[in-house]
Structures are given as C-alpha cells and as structure tokens.
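Asker: The following block contains a protein sequence and its predicted model.
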Amino acid sequence: MTTNTAAPDQTREDRPAPGRERTQWTRAVRFVLSERVALLSVLLVVVVAWFWFLGQNDYLVAPYDADYLASALETMVPLCLLGLAEFIVIVSGRGGIDLSVGSIVSLSGMALGFMVGEWGWPVIPALALTVLIGGILGAINGVLVAYLGFPALIATLATYYAYGSLALLSNDKAPISTKPIQDLHSLTRALDLPVVPDLPLQVLTFLVPTVVVVWLLVNRTTFGRRLYAIGTNDVAARFANIDVRQTRFRAYLAAGLLSGVVAVVTVAQFASARPDAGSVGNGMALPAITIAVLGGVAISGGLGRVAGVVVAALLVVWLNAGILLAYEGSDGSQVQLFALGAVLVLSALLNAVTLRRRGGAR
Amino acid sequence: MTGLAQAAPLRRRRPVARAVEGQELALVAVIALLWLALSVGTDTFLTGSNLRNIVFGVAAVAIIGIGMTPIIVTGGIDVSVGSMVAVVMVVVAKLIRDSGVSAPLAVAVAVGLGLALGCVNGLLVSLGGIHPIIVTFGMLNVFRFVALRIFDSKQVTGVPDTLAWFGGGQAGRGLLGIPNAWWLAMVLAALMWCYMRYWATGRHWYAIGNDATAARLAGIKVRQRTVAAYALTGALVGLAGCVLIGSGGLVQQNAGTGLELQVIAAVVIGGTSILGGRGTVLGTLLGALLVGTVTSAITLLGWRSELTELFIGLFILVAVGVDLVRERRRSAR
C-alpha cells in the first residue's frame, strides 16, 4: 500500500574507486550518513557548541550552560517517551501511527486527577492505575487496528477525537488542582546533586527506567524480534508462524502504557490535571512523530532504533532551548515551529535518500 | 481469520464505479433520518436561518475536502491544510485592509498563494520520495511559522467586508437563500465528480491509489498527477480562506487550527478509503454535511458541545467499519 511514487528503481551505481588518500574521509562521511545515531550525535555536538559559542559572545539573553541544559531536560521527558511510543507503533508496520497519544495523555491524566485529587486514593496505586488506563486506551486502538483491520491513521484519528472529548467532558473542561494533586509536584522537583548539574527528578525516576525497559523490550525479547518482523513483512512474518495480530496489538498497547506514564509526568509537572494537557497547540502527537522520524524510524515500518529516538529527542530539546534564548518574546516559539518542521522534512528526505542508496539507515 | 490476512496484498480490482455507491446512499439515509428526527424533536431545526448556518459552517471544510478526496484517493494525505488556510487568510486579510484590493484580485491572490503552497507539498511528496504524512506534518509547522510571522504577533482586526459574497451574512446569500459558499462547494464538487469519473486524467488518480507501480508501467505520469492533486487542494484552500474571511472583521492567529482533521474526517466519513483507490467527492460533501448536522443538533438539543468530537470519532469508526466489511465481502466473492 505504499504511496511512494518515487523514482524508478535506481540500480546501485558502481562508483569509480576514489583516490586512496580520500578513502578514510569518504568512509567517515558514509558512516555518519548511514548511521543515524552517529549523524544525530554530530548534529547534537554542533548545536550545543554553536549555542554555547553564541552565549559566550553575549548573543543570548541568558547563559547557555550546563545548568540550563539540565533544566531543559524537563521538557524532554514527555517528548522522548511519546517518541518511543510512536517508534514502537511505526516499527510495527502497515501504516502504523498513533495520532491519539495526546488525547490518551489528557484522559488518563484526568483519571489520575479524579483518583488522587477528588477521591483521595493513595498515590502509588493511583499512579499505577493511571498507566494502566493509558494501556487500556492504547489497547482499544490495538483492537481496532490489529484485530478489526482499521487503517491505523483512521482508527487513531477517531480515538483522538473520542478520548479528547471524554477528557473535556469528564470535569466540564475544568482542570483538577486540589491539594493532593499539587503535592504530586514533588515528583518532578529539581534534584540538588553534587558535581553534575541539577537534574529534574523525573529524568531519573521516569525517563531513564522507561527507556531501559523499552530498549530491553525491543532488543532482548521475542516480542521485539517479532515487532521488527511484522514491520518488515507482514506476510513473511505470518509464514514464520508469528501471531501478527497479537504482536501488532501489543505495539499499540505499549504505546498506550507509555502515554499513561507521560500523563503521570505531565500532571506532576503542572501540579494540575488538565483536560487539554495533550492537545494544546498542535498536540503531542506531532512532535512525537517528528522525534521518531528524526531518530531514523522509517515510516514504512521495520526500521528504527531506541538510541536514535533518544538522541533525536535530546537534539530537539536542546535546539529548542537554545532558540528560546536567541530570540526575544514570542519569536522564539515561532522559530521553534519552523525548526521542528524543517528538521522533520529534511530528516525524512535524508531517510529516503539513504534508504535508496544504501538499503536503509540503520 | 480472514481479516488481516487478505487486507493488504489481495485487494480485488473492482468493476467501474457505479453512479452512486452504497456508502453515499447510506449517508443520505442517515442525514435524512437525522433531519427528520430533529425537525420533529426541536422547533428551531427546520428554519431557514439554522439550515443556512449548518451549510455555511461546513462550506470551508467541504471545499477543501473536494481537493483532499483526490489526494486520499491517490493514497496520500495532506495534514497541512489548516496552516495553509492560516497563511492565505492573513495575507489576504492584510491586503484587503491595508491596500484595499478589490474582491476579484483578493480571490486571485488567495487561490494563487494556495496553489503555490500546495505545489510545495506536491513536489516534496513526488520528487522527494517522502511519505506524504511526514511531508505535510512538517509543512504544517513551517506554514504556521510563516503565518505567524506575517501576523507579527497581532491578530488582524477591522478587515473590510470586501469578500462578503463568500461570507455568512446577508450579502453572502445566493440563489434560494442558500449561502454562496455552499453553492460554490456544490458546483465545485459536481465538476470534480465529473472529472474524476469521466476524464482519463481523473481516473489516473484511482489507478495510482490502487497500485502506483502498475500505474507507472501503464504509462500514467504518476509524479505529475500527484503534484496536481496537492496543487489543486492548495487552490481550494485559497477559496476556503476567502469563505472564512468572508464576513470580514477579525482574523485570529489560531485560524485554521485543527481544520485538517475535520477535512479528513469528512472525506473518510464520505466513504473514501484511506488506503487509496476508492472514493468520490459526493461522499465528501455528504460527510461534511453530516458533521455539520450533528454539530448543530448538539447545540439545539442543549447537549455539551464537547460531545461533537465524540460523535465525529464514532462516525469515523462506523463509516470505516462498514467499508471494511463491504471490502471483505467483495474480496470473498
């Protein structure tokens, strides 16, 4: 079902061997272009160095130093986790995508608001239940896509509307910010660490463990291998006796669980359960998909790595943080929009080119 | 055990489309039932002003949907139309207010600008070889950036009603008291319906959506036809921008936000397959009308307005579900 109307298949041209003195250089360039993680790391260094240089020469409104970079990680947590959610869903193939992650964040966040803020349930079980509710909402997507055969774009567009509407209805559009909810803010306080700059707590309690779990899930379990298998070729996977539908269902379930985690982090960060938490601006799905694609996940499925997504999230967050310092007023957020869009299109172009030339970015 | 196994690779070539497809008949029936129930249940539904509000409210969505339908038929998608409309609206509104351009010139600028933006999308999709959803997701941001830059942190106020012909006011009322904007949508849809059904180049869109490689081997200019679909959508976005400015007054910085999802919802409810190769603009028009009817009904019945989106979501699921069942039956035959 690909809509790729691109060029007639290019046969791999046999290039004349370059001069011996240039081989190493060429090899390095090729490595950077074909290894997405390497390319992103280079870009990351360039971006940080550039803004640091600007900061040293007083072009920025505030210093772009280690403390600032550490505090910017606060915005990375939801971005990176949702990027991983999109990563899992997109890798599962057959047009996999999840537009509803933002609405899942809103709805399960409201559930947390009711459980802790209104009904006074104990915090720890309520947090677990919030993640579970995210999982249930993701499972609904999974049933629609994997078992009933809905195209992912449509199913998640529909649930994006439905969950978002339920979140708004649940408390009559009003946020819940009673005392117990405000107390959750301590989950996201800035840590006072020796030696290293002060990290936000949620980086250590939510981000790092989740990334490790997702990495293990994708790279060290049979589910992970099956996920790549169905993403690469549905039919071949079925002939290899893989339960394609169950595997795809689990991918959407995992995306829902990750969105539930993001709901917890967002509620704690705002000290308030907001019914529109996941849909302000252009919503959370767009940046998440951007991060995944930038991280080298092929939209056609079967390709992509956890490390790529994490480095891509880091790049976007630190780039945005720098832009905010470089422009005054609302200009900064506008330039962020442009940067996000341009980076998305350019990285996809790069994906398309490497895919054609070298059989895929790894 | 049948569903997924045969969904992707084995889609059967279907006979030439009948004049009206099952989905459209079903939609007409649903809309007729709703209208009947609402005119019995409330005494304000079946009034001229309410019906005018319904069709005017969805006119912009329907007009853009007329272009979105061929895009989705070719297997693509354009999620950047909301930002495109913002660019068109701010440019045209400022032109009208600051330079006092005449209505025909304003429309020409709107359509031309939309066409140019649509071409950018089309060229990136067809020449860049990037998946359309990625391109247009990116351009959604870029166009929004452009629009905000032109807004210059201020909403455009005091726009004169040069384009009142398109608007929802008295001046925008056309034949039979129906708003000109809706007439425009109907005429464009009729033209498009004929084009996609009887012209060879119109049928090419279906061929591309069914199998792009086969279409190319059959001698169809796949790239050119793809760019044409996106460019056409751009031009229609320009017209929709005129409708939205219509009554004059205020153009806000968040103009067009979320419009893309409404358009896609209308197209999909209208029975166009998101996988490409199937769908008509007639269905899109009906889909838009259904969404408009539900929105109006919820207001009239005094329900909470947030329920509208829940219903849109459910309608999408039902419409696509029905389509899936029919597709399965067709390929089982």
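Answerer: Thanks, I have it. Residues are numbered from 1 along each chain as shown, chains lettered A, B, ... in the order given.
Asker: residues near residue A:131, how many?
Answerer: The local packing of residue A:131 (other CB atoms under 10 Å in any protein chain shown) involves 19 other residues. For glycine as for every other residue, the C-beta is placed from the backbone atoms N, C-alpha and C.
Asker: swap in residue A:338?
Answerer: With other CB under 10 Å as criterion, residue A:338 counts 18.
Asker: now do residue A:30
Answerer: 13.
Asker: Which residue, other than its chain neighbours, is closest to the spatially most central residue of chain B?
Answerer: Residue closest to the mean C-alpha point of chain B, counted by CA atoms, centre = their mean, is residue B:65 at 1.6 Å. Nearest non-adjacent residue to residue B:65, counting by CB to CB, 6 or more residues apart in numbering or on different chains: residue B:284, 4.1 Å away.
Asker: Now do the contacts for that neighbour.
Answerer: B:62, B:65-66, B:68-69, B:189, B:266-267, B:270, B:272 (CB atoms under 8 Å, 6 or more residues apart in numbering or on different chains).
Asker: what does residue A:200 give?
Answerer: With contact set as CB under 8 Å, 6+ apart, residue A:200 has these partners: A:70-71, A:73-74, A:77, A:188-191.
Asker: Of the residues you listed, just say which sits nearest to residue A:38.
Answerer: residue A:73 (22.2 Å; CB to CB).
Asker: Skipping its backbone neighbours, what lies nearest that closest one in space?
Answerer: That would be residue A:203: by CB to CB, 6+ apart, it lies 5.2 Å from residue A:73.
Asker: Over to residue A:219?
Answerer: Using CB to CB, 6+ apart, the closest residue to residue A:219 is residue A:306 (7.3 Å).
Asker: my guess is the one you found contacts residue A:211, does it?
Answerer: Yes. Between residue A:306 and residue A:211 there is a contact at 6.8 Å, judged by CB atoms under 8 Å.
Asker: neighbour-wise, which of those two wins?
Answerer: Neighbours were counted for residue A:306 and for residue A:211 using other CB under 10 Å; residue A:306 has more, 22 against 18.
Asker: wait, what's in contact with that one?
Answerer: A:84, A:87, A:211, A:214-215, A:218-219 are the contacts of residue A:306 under CB under 8 Å, 6+ apart.
Asker: Residue A:177 - how many residues pack around it?
Answerer: 16.
Asker: what about it, distance to residue A:272?
Answerer: As for residue A:177, its distance to residue A:272 is 4 Å (criterion: CB to CB, to the nearest Å).
Asker: domain ranges for chain A?
Answerer: A:94-188+A:196-280, A:284-354 (automatic domain parsing).
Asker: among those domains, which gets the worst mean confidence?
Answerer: Ranked on mean pLDDT, the bottom entry among the domains of chain A is domain A:284-354, at a mean of 84.
Asker: That domain: end-to-end distance?
Answerer: 28 Å (CA to CA, to the nearest Å).
Asker: ok, now stretch A:146-155?
Answerer: 10 Å.
Asker: ok now it, how far from the chain's centre?
Answerer: 21 Å (CA atoms, centre = their mean, to the nearest Å).
Asker: What of stretch A:252-261?
Answerer: Distance, centroid of stretch A:252-261 to centroid of chain: 12 Å (CA atoms, centre = their mean).
Asker: circling back: just confirm the residue nearest to residue A:73 contacts residue A:80, I think it does.
Answerer: No. The pair residue A:203 and residue A:80 does not pass the contact test of CB under 8 Å, sitting 9.6 Å apart.
Asker: Show me which of the two is the more surrounded one.
Answerer: residue A:80 (30 against 18).
Asker: Name all residues that make contact with the more buried one.
Answerer: A:207, A:211, A:291, A:309-310, A:313-314.
Asker: Quick check: it vs residue A:186, distance?
Answerer: From residue A:80 over to residue A:186 (counting by CB to CB), the distance is 22 Å.
Asker: Buried residues in whichever strand or helix holds residue A:80, which are they?
Answerer: In the assignment (DSSP states H and E), residue A:80 maps to helix A:66-91. Neighbour-count burial for helix A:66-91 flags A:68-70, A:72-91 (criterion: 16 or more other CB atoms under 10 Å in any protein chain shown).
Asker: Same check on stretch A:29-47?
Answerer: A:32-41, A:43-44, A:47.
Asker: With respect to residue B:116, which of the residues you listed is nearest?
Answerer: residue A:43 (30.4 Å).
Asker: so that closest one makes contact with residue A:316?
Answerer: No. Look at residue A:43 against residue A:316 with CB under 8 Å: they stay out of range, at 10.4 Å.
Asker: ranges for the helices of the stretch 101-250 of chain B?
Answerer: For the stretch 101-250 of chain B, the helices defined by DSSP state H, counting those that start in this stretch cover B:103-128, B:132-151, B:180-198, B:200-210, B:212-217, B:222-245.
Asker: Could you point out which of these sits nearest residue B:331?
Answerer: The nearest among the helices of the stretch 101-250 of chain B, by CB to CB, is helix B:200-210 at 13.4 Å.
Asker: That closest one: how far from the chain's middle?
Answerer: 19 Å.
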